[in-house]
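**Student:** what follows is a predicted structure for the sequence shown.
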Amino acid sequence: MKAAVSASGPSAPANGPSAPELVKLRDGSSVTVRAVGPGDEAPLQAFLMGLCASSLRLRFFTAGANIADAAHWAACTPADRYGLLAHDEAGVLVAHAVYVQLDRTRAEVAVEVADRLHGRGLGTVLMQRIGAVAQERGITRFVAEVLPENLGMLDVFRDGFDAHVTLHAGIDTIEFPTSAWRLARERFGSESPRAAGRLLLAPR
């Protein structure tokens, strides 16, 4: 999912939110996590426009990404895609995570966090929850492509999820089981993202 052009089980849940989840970050502040739903394209566009050029490059592999197209793509909710959003205490959108199914059991995952919230554990929070959702939908492995200089995201994957990292053609390819959300919860003490299956998934 370098650019926004990075449910295999029966009765895969829809991508609409059921109830938001309030989660505390490492600094004591709180965010509200919920699934992407109708009407999120404009907030997503505002969020992406607020990222610095470096953050855009690390997320899309180019600082010249088409923000309008990226927001439109991120706001769509087809059956093979699932997205999560985080809002700060003022209700401002501050993070987005998404996976796109590659085949029956594998999905590509990506996350971006507002510049001002880097280092507070928000990326790990979203990865735990989206991993729990993916596992519930029958996806067993996540993959991701990350630029080698994106040390923050690499740390999230390695430290929290014991991800395997392979460098090829100047890009780090990450792979880890979706079940690793439990490992990250044990290491960082986040509230159980089992709630993701109950709170963030609405039945079809």
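**Tutor:** Nice, I can see it.
**Student:** what packs against the helix ranked longest in the chain?
**Tutor:** Of all the segments assigned as helix in the chain under DSSP state H, the longest by residue count is helix 122-136. In this structure, helix 122-136 packs against strand 30-35, strand 81-87, strand 93-101, strand 106-113, helix 181-188, helix 194-199, with contacts taken as 3 or more Cβ pairs under 8 Å, 6 or more residues apart in numbering; DSSP states H and E. From N, CA and C alone the C-beta is placed, and that goes for glycine too.
**Student:** of all the ones you listed, which one comes closest to R57?
**Tutor:** Closest of the helices and strands packed on helix 122-136 to R57 is strand 106-113, at 11.4 Å (criterion: Cβ to Cβ).
**Student:** relative to its centre, which residue of this structure is most distant?
**Tutor:** A169 (24.3 Å; Cα atoms, centre = their mean).
**Student:** return the distance of stretch 156-168 from the chain's centre.
**Tutor:** From the chain centre to the centre of stretch 156-168 is a distance of 15 Å (Cα atoms, centre = their mean, to the nearest Å).
**Student:** just the endpoints, please. Distance across that stretch?
**Tutor:** 20 Å (Cα to Cα, to the nearest Å).
**Student:** name the residues that touch that stretch?
**Tutor:** 111, 123-124, 127-128, 131, 144, 146, 148, 154, 172-176, 180-181, 183-184, 187-188 (Cβ atoms under 8 Å, 6 or more residues apart in numbering).
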